[in-house]
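What follows is a protein structure lacking sequence information:
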């Protein structure tokens, strides 16, 4: 049986389409015996807006209000930030910060405060029109951003890319590729997730296993990922979030 002690990709009601609070997610993680949990609400196209259309960055910029541990579980304050073009540029990367950014963009101002950053493709105009080369560069560009820790669900959006090039870019940049349970809800993503896992094993590239939970009841649930891993003989040694200490060490962080 595979061991995962950190669920790095979860959502709270701040994302607008999830059902649970930070406390509810952390309580379920504690019940399951997890060491850590990433609170990675959406930052980009799905960022909540106030009445009148202004972006609501309130919870993101109030990091001090959330203790590092809730119910004994290390809470990693993160974001899932949108990839916005074929260069791998991230959301709000050229938008001037209006809340003490000191010359930084909104994107960089937020990301520099995060414990954990996941970069994912959800949507940008024309995102489905890219060829293999364009999509590959998009993912590699995101992985080369110094704030990014994880490339989120690369197999789910349904865009073709050169898998081995992306895997090598993740490995060489010390980043993680994500294989998440939620991706298995998309039928066409399943063989791509399998191909990605095999490629990561061949290239010695660490992955993270996550739930991408949008409710507390999904926290720490990875049965389909583990079943696939068992079928292909994926090595436990390449699961970065086997423990909180291992994940932090591989990323050179102190959690």
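Yep, that arrived. Just so we're clear, the structure is a prediction, and the values are computed from it rather than from any experiment.

Tell me the spacing between the nearest residue to residue 170 once chain neighbours are set aside and residue 200.
Nearest non-adjacent residue to residue 170, counting by CB to CB, 6 or more residues apart in numbering: residue 177, 5.0 Å away. Yep, even glycine has a C-beta here, placed from its N, CA and C like the rest. From residue 177 across to residue 200, the span is 6 Å (CB to CB, to the nearest Å).

Common neighbours of the two, please.
Common neighbours of residue 177 and residue 200 are listed as 167, 207 (criterion: CB atoms under 8 Å, 6 or more residues apart in numbering).

Neighbour count: the two, which is higher?
residue 177 (27 against 23; other CB atoms under 10 Å).

What about that one? Give its phi and psi, please.
phi -100, psi 140 (degrees, to the nearest 10).

wait, isn't it in contact with residue 150?
Yes: taking contacts as CB atoms under 8 Å, residue 177 lies within contact range of residue 150: 7.5 Å.

Common neighbours of the two, please.
residue 208.

Which strand residues bridge the residue nearest to residue 170?
Going by DSSP bridges, residue 177 is paired in beta bridges with residue 151, residue 207.

can you map out the strands along the stretch 51-200 of the chain?
69-70, 73-82, 116-120, 150-151, 176-180 (DSSP state E, counting those that start in this stretch).

how about those strands in a markdown table, adding mean pLDDT?
Converted to a markdown table, those look like this (pLDDT from 0 to 100):
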| stretch | mean pLDDT |
| --- | --- |
| strand 69-70 | 98 |
| strand 73-82 | 98 |
| strand 116-120 | 98 |
| strand 150-151 | 98 |
| strand 176-180 | 98 |
